[in-house]
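*Asks:* Structure of the sequence below:
(2 chains)
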Amino acid sequence: MGGKPPIGVAIVEDDAETRAHIAHSVRADAELRLAGEYATAGDALTGLARSLPDVVLIDLGLPDMSGLELIRIVARQYPACEILVFTAFGDEAHVFACLEAGARGYLLKGNLSHDFRLDIRDLKAGGSPLSPLIARHLLKKMEKPALAKDDAGRLSPREQEILNAISRGYTYAEAAELLGISVATVHTHLKRVYRKLAVRSKTEAIFEASKLGLL
Amino acid sequence: MRAAATLLAALATSLCALTAFSQRFEAREGARLTIVEQADFVLDEGFAAPPDSAAWTTVKLPDDWSRSRPGTKGVGWYRIVLPVSAPRRLAYNIHLPRNSANHIGFWANGHLFGGTAGSPSPAARLIQEPVQNAIAPALLRPGENRLYLRVVADADFRQGLTRVTMGDPGDVRQVQLQRLRLQVLPFRVFGFVALLAGLAALAIWLRRRDDPTLFWFALASSFAGLPALVESSGAMRQPGAFSEALLLLLTQAFAPALAAASLRAAHIRAPVFESLLWAGLLAGAAAPFVLGVGAYPRLSGPMTVIFFAALTVTLVLLVLRSTRDNRLPAITLGISHLAAIAFGVHDWAQWEGWVDFDRAPLFQFAPPVLMLALGVLLIARHFKALDELAALNLQLESRVTERGAEIERTYAQLRELEREQATVRERQRIMADMHDGLGASLVGLLSLVQGGKADLKTVEQRVHDALQELRLAVDSLDTPDGDVATALGTVRHRLRDPLAAAGIEFQWNVGEIPRLEEFTASRILNLQRILLEAITNAVRHSGAHRIAVAANAGHAGELEFSVEDDGRGIDAAARGNGRGLMTMQRRAAALGGRLQVGPRAGGGTRVELSLRSPPPHPPAS
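*Replies:* This is a model prediction of the structure:
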């Protein structure tokens, strides 16, 4: 691991204190590199082109643009860049919308003191921890195909098993042990779940658009 | 609709009556027909023409024996002189407008050349067909020829001989056909139509026996058709009391059935009159047994009189009825009865000799006219009922639509109300939650800070606790009702950071738990708080190295939760946390469960929560 270059992290957060706190933590970690810190979405969009981080942390409550919109743009322009969302509660409505927009996970505000760096490393490995509620909602939303006769975006049995274990509170490692697979395999499956979610939201968008006569 | 039908019926009746009364029989133009109105007559039972020396007297034709020789019953010979100018190549045809005797035989110059079918039975006399015979050319010679008609007749029945029409076959046949059309065809055609209509009506009535008018129409129509059936089938020509009684029943039952149908169709109740008619019919049928064979011919007169009287009485009742409301049926039937009575008067006049003996009897037209009126009324009534039904259906449909919309409105209101109530309940729950959880935490924290005893570490922990409370409350809004497994998973997820920070080995063992609908958001939150409290206690106070949490569902829907640690044990740990345990007990009781806190085998503490058959209506937390 020693030879690996540090992970570039950019922060988009309008609260100066929080931003400084996170920046400080990132700088203190040898495996992380602070690629940039931005107070607004506008700053971020111009800055990201230069800083090209591996991970960008986005706060949902930005002054100039909705965080969701920013996630969508970043996900489209920098597909290699992983997006994490700051949220106070990690509630389903917010997190799910972010995941559909292209985010790969979320960080709970107020827990910054000890674990978000772990989350960033997790994210690079395969995805940030899903909360049981989000896992349950993914299961529920994706158990049926997005459109009739379209199998795209439907969960495989193994993916369902993994999400089910997560929804019952097991960590990725515990879930891997429970199912007799490696943690890396769990990560691979979860990546696939995220991809399917994106495919689904795109399919649904196209379907909605054609229904509205836009296509 | 009904008025139009009545008008049509009246028109048809009038037309029928006019045709029948006019009785115009016209030979075609250029026809040379000889109508014999005078003949020589002698009574002679023999089978050969009486000699010229017999007591021939000159009589006028038609010769109605009831007038010319009352009381006579026997055989009479009529002699007609037939001059022929040159030898004939064609036959010479003879036509009698109606068969007015029991038997008529024809002789030409001493040779028998034809005769009517002998008709000893009254059944054969139901109608009087025209008669036609042809004299072969060979039988006639130029000069004077002698034509003899041997007539077997009964003066009591107005028998005798009509005028005799003679001429070329084609000319005579035309006259014969005209007579057939008036005297025979309507009787037979109507008879069979009436019989079929009657049977059809009976079949309809049998399906739904709720219309007495239809029933009596069916009977009357069938009875009206019976004489035609009897006449054409040749049945009941064998003499005998039984045969005569049956014949009388079959031919006379029409009168009472007609009266019953007409009165009902016109909404008239006359039970005594109807009973009298039926009694008369039965008495007539019994008469052949009492009076002996041969009573039928003598009875047919009185029976006709009874029929005639029945028509008259019915007409009077109809006229009386026609002055009241809903008079259309009475008027329609009145017209037809009037026509029938007119036909009867015609025949009676003929019987009395006031009307030409040769004319066709008209009373045979009474049943068709009467049944036509009744049929028109029934059909009109049927269509009226259909119209009413259609109108009712329309009305019903609009009422159903109206009611449907009403139900929909009520349903929408109910749902709106339900939604409102659910919102209010949820609001109350959140309020209670805030008060119980976050509120209590913040108040505790405030008093701690105000007391000045709190160090920064404690304050940070308390703030974390408060945030935890708030997050659990937010999660409880997201957790689907009944999803206990995910609720437990959420507790673990929320505890991930504190546990990682405390460096305690954590064993998580949550099995598959089916959806339990009775676990509403507030019950789930209660459950989460108990577990959170138990785990937090273990983390903070027990000094444990290892904590194990397990949750499993039993077969009967019971749930078992346990939190175990390998720390100092319950007594030491509980000392500083008596209130926390009490709160857990209270929450467990609210869930209807049993909470046990005790030592773990091998050291440490075991907290156990059992929920058995949760009550369907959870008490408010």
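*Asks:* OK, contacts around residue B:505?
*Replies:* Residue B:505 sits next to B:545-547 when contact means Cβ atoms under 8 Å, 6 or more residues apart in numbering or on different chains. (C-beta placed from N, C-alpha, C; glycine too.)
*Asks:* try it again with 7 Å
*Replies:* Residues in contact with residue B:505, defined by Cβ atoms under 7 Å, 6 or more residues apart in numbering or on different chains, are B:545-546.
*Asks:* number of nearby residues for residue B:141?
*Replies:* Counted with other Cβ atoms under 10 Å in any protein chain shown, the neighbours of residue B:141 add up to 12.
*Asks:* ok now do the residue nearest to it when sequence neighbours are not counted, which residues does it touch?
*Replies:* Of all residues not flanking residue B:141 in the chain, residue B:84 sits nearest, at 6.8 Å (Cβ to Cβ, 6 or more residues apart in numbering or on different chains). By Cβ under 7 Å, 6+ apart, residue B:84 lies in contact with B:140-143, B:145.
*Asks:* Filter those residues down to the buried ones.
*Replies:* Among those, the ones that count as buried by 16 or more other Cβ atoms under 10 Å in any protein chain shown are B:140, B:145.
*Asks:* if I look at the closest residue to residue B:191 other than its chain neighbours, how far off is chain A?
*Replies:* Among residues not flanking residue B:191 along the chain, residue B:228 sits closest, at 2.1 Å (Cβ to Cβ, 6+ apart). To chain A, residue B:228 is 73 Å away according to Cβ to the nearest Cβ, to the nearest Å.
*Asks:* Pretty sure residue B:228 sits against residue B:188.
*Replies:* Yes - with contacts defined as Cβ atoms under 7 Å, residue B:228 counts as touching residue B:188 at a distance of 5.1 Å.
*Asks:* between those two, which one's more packed in?
*Replies:* residue B:228 (23 against 16).
*Asks:* mean confidence score for the helix or strand the more buried one falls within?
*Replies:* Element membership for residue B:228 (DSSP states H and E) is helix B:212-233. Averaged across helix B:212-233, the pLDDT comes to 89.
*Asks:* for chain A, longest helix please?
*Replies:* The longest helix of chain A (DSSP state H) is helix A:183-212.
*Asks:* pLDDT averaged over that helix - what is it?
*Replies:* Summarised as a single mean, pLDDT over helix A:183-212 is 77.
*Asks:* Give the buried residues for it.
*Replies:* Buried residues in helix A:183-212, counting neighbours by 16+ other Cβ under 10 Å, are found at A:183, A:186-187, A:189-190, A:193-194, A:196-198, A:200-201, A:203.
*Asks:* tell me what that helix is packed against?
*Replies:* helix A:92-101, helix A:132-142, helix A:157-167, helix A:172-179 (3 or more Cβ pairs under 7 Å, 6 or more residues apart in numbering or on different chains; DSSP states H and E).
*Asks:* for the helix holding residue B:228, which positions count as buried?
*Replies:* Buried positions in helix B:212-233, judged by neighbour count with 16+ other Cβ under 10 Å: B:213-231.
*Asks:* Stretch B:73-88 now?
*Replies:* Neighbour counts over stretch B:73-88 (16+ other Cβ under 10 Å) mark B:75-80, B:82, B:88 as buried.
*Asks:* Filtering the residues you listed by proximity to chain A, which remain?
*Replies:* By Cβ under 7 Å from any Cβ of the partner chain, no member of the buried residues of stretch B:73-88 lies near chain A.
*Asks:* Pull the most distant pair out of the residues you listed.
*Replies:* For these, the farthest-apart pair by Cβ to Cβ is B:75 and B:88; their separation is 29.7 Å.
*Asks:* Any stretches of chain A with poor pLDDT?
*Replies:* Applying pLDDT under 70 to chain A picks out residues A:1-3, A:89, A:110-115, A:122, A:124-129, A:144-153, A:205, A:208-209, A:211-215.
*Asks:* show me what contacts residue B:583?
*Replies:* Counting by Cβ under 7 Å, 6+ apart, residue B:583 makes contact with residue B:533.
*Asks:* name the element it belongs to?
*Replies:* Secondary structure from DSSP H and E places residue B:583 in helix B:578-590.
*Asks:* Next secondary structure after that helix?
*Replies:* Heading C-terminal from helix B:578-590, the first helix or strand you meet, by DSSP H and E, is strand B:593-599.
*Asks:* tell me what that following strand is packed against?
*Replies:* If you count contacts as 3+ Cβ pairs under 7 Å, 6+ apart, strand B:593-599 packs onto helix B:570-574, helix B:578-590, strand B:605-611.
*Asks:* Now tabulate the buried residues of stretch B:73-88 in a markdown table and tack on pLDDT.
*Replies:* Listed next are these as a markdown table, based on pLDDT from 0 to 100:
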| residue | pLDDT |
| --- | --- |
| B:75 | 93 |
| B:76 | 94 |
| B:77 | 95 |
| B:78 | 95 |
| B:79 | 94 |
| B:80 | 93 |
| B:82 | 88 |
| B:88 | 81 |
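*Asks:* Filter these down to the ones in helices?
*Replies:* Among these, none falls in helices (DSSP H).
*Asks:* follow-up on the earlier one: most neighbours per residue, which of the helices and strands packed on strand B:593-599?
*Replies:* A comparison of these by mean neighbour count, using mean count of other Cβ atoms under 10 Å in any protein chain shown, puts strand B:605-611 on top with a mean of 21.
*Asks:* neighbouring strands for that strand, and are they parallel or not?
*Replies:* strand B:559-565 (antiparallel), strand B:593-599 (antiparallel) (DSSP bridges).
*Asks:* For these, could you give me a markdown table that also reports mean pLDDT and mean neighbour count?
*Replies:* Below are the strands paired with strand B:605-611 laid out as a markdown table (pLDDT from 0 to 100; neighbours: other Cβ atoms under 10 Å in any protein chain shown):
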| stretch | mean pLDDT | mean neighbour count |
| --- | --- | --- |
| strand B:559-565 | 90 | 22 |
| strand B:593-599 | 87 | 15 |
